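Chemist: Sequence plus the predicted model coming up.
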Number of protein chains: 2
Amino acid sequence: MDVKTLCLAVLSQGEATGYEIKKAFEEGPFAHFQRASFGSIYPALSKLLAEGLAEAEAREQDGRPDKKVYRLTAAGRAAFHRAIGQEPEPDQLRSDVLFLLYFARELPKERVEALIDGYIASYRAQADRIEGCRAERAAAGAEIDPGKWLVSGFGVAVYRAAADYLASNRDALLRGLERPLEAAE
Amino acid sequence: MDVKTLCLAVLSQGEATGYEIKKAFEEGPFAHFQRASFGSIYPALSKLLAEGLAEAEAREQDGRPDKKVYRLTAAGRAAFHRAIGQEPEPDQLRSDVLFLLYFARELPKERVEALIDGYIASYRAQADRIEGCRAERAAAGAEIDPGKWLVSGFGVAVYRAAADYLASNRDALLRGLERPLEAAE
DNA sequence: CGCGATATATATCTATTCGATATAGGCCTT
DNA sequence: AAGGCCTATATCGAATAGATATATATCGCG
């Protein structure tokens, strides 16, 4: 999914500024499975304007420079529906922490300990964040969209599983590092 | 982690050609948490040569063009140890399938069904693949590196959790899609 | 026995994308 | 009142992905 499609998707949920689109990938509903940076969002929005898939309205603000609010056109909504007809590419995870832990033997034990403990905490925090959004949504009594519900639940389930696995294997890892060159029996 | 560091890491495990480095990210031990393409691996290897961190040896093959086998120098090993001293960046997952499932309501029910079933199957296949490598390693009776063991176990645990979550929420999703515009009560 | 598909192997090119940076006013905390 | 953070837009250079070109070998299938 290229950034143009990602912008179409965010705008399909309602009008937004470039900054707000960025936030949707940082702490919003897309945070745990897609990302995009300013350097790709702004060019993508320009292209959407040029192709007539979106329109922008400069909204005045007191003191601050104008906000530029983007909104999909009818052609934009059609383009979005074409885009979600495409075949998905395989998932990809990139984890520097797992990369470092893979080389745990080459690192000081205290660092390995700090890495794994921080990693567990960050997964727990992510799971809590998403669970908070879900509780809020459920409490509001609003209609629950089954797709969005499944996807946010996936985030919670996977992050919890990751944290639990790490928590229950942490000590074995650290113990394993204590006997540096012993052969397995 | 940039591709140069990734190449240093693979080469720290033994000499390899560019092609073999690519495979380490496709089906090798790094497959489930890092990736790199030819377009970044070959320029990275050239830079490593230029900086004296690696050396290459052209090995003749009958019929085929020469293989170019890369190997770390002492400086390369030192650079690798400096690199794994860096602070890791936060994990990032990119999943087109979750993106599509988020918009399940905008898709035909048969497609949602095919997407989720294929997704479950691919996670199960990944988990089986890694578990196979682990069983092989354990059966060989060789010394078990605790870092590598933890990281591969993480892959199995998380992939299984993902597949299980999807399998147990699949039917609820499809049922939810059947009553298109009913309000929750 | 040949056909196509797959695997080995290196390398480059273009378009995309990231991450850092520039700019600037307002708000909050110390 | 000073410094840091938040909102907000935008651009630039470097890194990267993905497609493509080239060449050969092997393997299964009819």
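Modeler: Good, I have the coordinates.
Chemist: The longest helix along chain A near chain B at all?
Modeler: Ranked by residue count under DSSP state H, the longest helix found in chain A is helix A:146-178. Yes: legend: contact between helix A:146-178 and chain B by C-beta under 8 Å from any C-beta of the partner chain is shown at A:146-151, A:153-154, A:157-158, A:160-162, A:164-166, A:169, A:172-173, A:175-177. C-beta coordinates here come from the backbone N, C-alpha and C atoms, glycine included.
Chemist: how distant is that helix from the center of its chain?
Modeler: Offset of helix A:146-178 from its chain centre (C-alpha atoms, centre = their mean, to the nearest Å): 16 Å.
Chemist: got the angle between it and helix B:146-178?
Modeler: Helix A:146-178 runs at 170 degrees relative to helix B:146-178, counting by axes from the mean of the first three to the mean of the last three C-alpha atoms, to 10 degrees.
Chemist: and helix A:146-178, what does it pack onto?
Modeler: helix A:109-139, helix B:96-102, helix B:146-178 (3 or more C-beta pairs under 8 Å, 6 or more residues apart in numbering or on different chains; DSSP states H and E).
Chemist: Which of those sits closest to DNA strand D?
Modeler: Taking C-beta to the nearest atom of the strand, helix B:96-102 is the member of the helices and strands packed on helix A:146-178 nearest to DNA strand D, at 9.9 Å.
Chemist: Quick one, which of the residues of helix A:146-178 next to chain B are buried?
Modeler: A:146-151, A:153-154, A:157-158, A:160-162, A:165-166, A:169, A:173, A:176-177 (16 or more other C-beta atoms under 10 Å in any protein chain shown).
Chemist: tell me how far the one helix or strand in chain A whose mean pLDDT sits lowest is from the chain's mean position?
Modeler: Least confident helix or strand, chain A: strand A:54-59 with a mean of 90, by mean pLDDT, DSSP states H and E. Averaging C-alpha positions (C-alpha atoms, centre = their mean) puts strand A:54-59 26 Å from its chain's average.
Chemist: Next: stretch A:92-112.
Modeler: 22 Å.
Chemist: Show residues contacting it.
Modeler: A:115-116, A:118-119, A:173-174, A:177-178, A:180, B:1, B:9, B:12, B:29-30, B:32-35, B:81, B:84, B:88-95, B:145-148, B:150-151, B:154 (C-beta atoms under 8 Å, 6 or more residues apart in numbering or on different chains).
Chemist: ok, back up a step: go through the helices and strands packed on helix A:146-178 and name the closest to B:Ser40.
Modeler: helix B:96-102 (20.9 Å; C-beta to C-beta).
Chemist: can the closest one be found next to DNA strand C?
Modeler: No: Helix B:96-102 lies out of reach of DNA strand C by C-beta under 7 Å from any atom of the strand, never closer than 11.5 Å.
Chemist: on that earlier part again, of the helices and strands packed on helix A:146-178, which is nearest A:Arg71?
Modeler: Closest among the helices and strands packed on helix A:146-178, using C-beta to C-beta: helix B:96-102, at 20.3 Å.
Chemist: Identify each buried residue in stretch A:7-17, please.
Modeler: Quick answer for stretch A:7-17 (16+ other C-beta under 10 Å): A:Cys7, A:Leu8, A:Ala9, A:Val10, A:Leu11, A:Ser12, A:Glu15, A:Ala16.
Chemist: can I get the helices and strands packed on helix A:146-178 in JSON lines with distance to DNA strand D and mean pLDDT?
Modeler: JSON lines is the format used below for these (distance: least, C-beta to the nearest atom of the strand, whole Å; pLDDT from 0 to 100):
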{"stretch": "helix A:109-139", "distance to DNA strand D": "15", "mean pLDDT": "93"}
{"stretch": "helix B:96-102", "distance to DNA strand D": "10", "mean pLDDT": "97"}
{"stretch": "helix B:146-178", "distance to DNA strand D": "19", "mean pLDDT": "96"}
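Chemist: now those as a markdown table including distance to B:Arg77?
Modeler: Supplementary listing: the helices and strands packed on helix A:146-178 in a markdown table, determined by distance: least, C-beta to C-beta, whole Å:
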| stretch | distance to B:Arg77 |
| --- | --- |
| helix A:109-139 | 18 |
| helix B:96-102 | 38 |
| helix B:146-178 | 17 |
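Chemist: burial measure for the closest residue to A:Tyr123 other than its chain neighbours, as a count.
Modeler: Closest residue to A:Tyr123 apart from its sequence neighbours, by C-beta to C-beta, 6 or more residues apart in numbering or on different chains: A:Ala163 at 4.0 Å. Using other C-beta atoms under 10 Å in any protein chain shown, A:Ala163 has 19 neighbouring residues.
Chemist: Now do the contacts for A:Ala163.
Modeler: A:Ile120, A:Tyr123, A:Arg124, A:Ala127.
Chemist: Check A:Leu173 too.
Modeler: So A:Leu173 contacts A:Leu101, A:Ala104, A:Val112, A:Ile116, B:Pro146, B:Gly147, B:Leu150 (C-beta under 8 Å, 6+ apart).
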